[in-house]
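Enquirer: take a look and give me a structure for this.
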Amino acid sequence: MNFFERLGENNAFIQGVSEKVGLKPGFVSMVLFGVAFILLYQGVTSGFLFFLLGVFIPGYDSFRAIESPQKDDDTRMLGYWCSFSFVLVLDGFLQPNVSFTFFSGVLRLLIIAFLSFNNYDGSKMVYDYFIGPLMRAYRNDIDTTYKSMKRSLSSLGKSIKQGMSSGYAKAKHLVETGHAEAEAVPVGTNVTKEKSD
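Expert: Now for the predicted structure:
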């Protein structure tokens with residue numbers, strides 16, 4: 001069994017397409033990869049393909065996992081999303097250095113294909129041998145930083161909410177006491193009144 005056949009056999013989306021068009025899943029996955037390669041070669045829709053293969057299809061598979069009574073598929077999909085988020089962070093750091101090459105789009109697509117390969121076993125391997133041990137080794141430092149960031153963001157959110165509430169209260173008071181114009185003023189209109197003699 002070759003790569004395309006294994007990918008087609010273990011991917012719900014490819015199986016669904018295969019059933020609808022009446023072709024073997026391996027052939028459908030090969031055609032999808034061929035189309036993806038041509039589009040990447042032409043520089044067209046590399047972001048779309050990354051979104052489709054990295055977010056949309058696994059997102060649907062995650063929905064199916066949540067809806068199923070088994071819990072092992074939930075764990076498998078969580079492993080995928082941990083691996084995918086790591087790839088996004090790594091991509092953010094590497095993108096300025098490799099974005100000028102054609103292979104950066106192809107490499108991103110191949111990494112996403114590896115993560116979802118064979119019913120998401122690629123992401124399990126990445127999590128088991130790299131992300132899991134790394135996160136466990138630095139868990140205390142990560143937790144401390146995470147809690148600090150969460151407190152800061154919560155404080156910022158409260159400040160914004162208080163500022164908006166007080167601004168709303170002041171504006172409401174001005175309108176109620178007649179110290180503000182009650183009519184709407186078009187954007188860009190000078191709202192200062194001219195002094196009369």
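
Enquirer: can you name every helix or strand that the longest helix seen in the chain contacts?
Expert: For the chain, the longest helix by residue count, based on DSSP state H, is helix 139-177. Using 3 or more CB pairs under 8 Å, 6 or more residues apart in numbering; DSSP states H and E as the contact criterion, no helix or strand is in contact with helix 139-177. The C-beta positions use only the backbone N, C-alpha and C, and glycine is treated the same way.

Enquirer: where does pLDDT dip in the protein?
Expert: Low-confidence segments of the chain (pLDDT under 70): 1, 40-46, 98-104, 173, 178-197.

Enquirer: can you do 80?
Expert: Residues of the chain that meet the criterion pLDDT under 80 lie in 1-11, 36-50, 94-109, 117-118, 163, 165-197.

Enquirer: quick check: closest non-adjacent residue to the residue positioned nearest the centre of it.
Expert: For the chain, the residue nearest the mean C-alpha position is residue 55 (6.4 Å; CA atoms, centre = their mean). Take residue 55 and drop its neighbours on the chain: the residue closest to it by CB to CB, 6 or more residues apart in numbering is residue 84, 7.9 Å away.

Enquirer: give me the element the one you found is part of.
Expert: helix 72-98 (DSSP states H and E).

Enquirer: which other helices and strands does the next helix or strand after that helix contact?
Expert: As assigned by DSSP H and E, the chain's next helix or strand after helix 72-98 is helix 103-126. When contacts are defined as 3+ CB pairs under 8 Å, 6+ apart, helix 103-126 packs onto helix 3-9, helix 25-41, helix 46-51, helix 57-67, helix 72-98.
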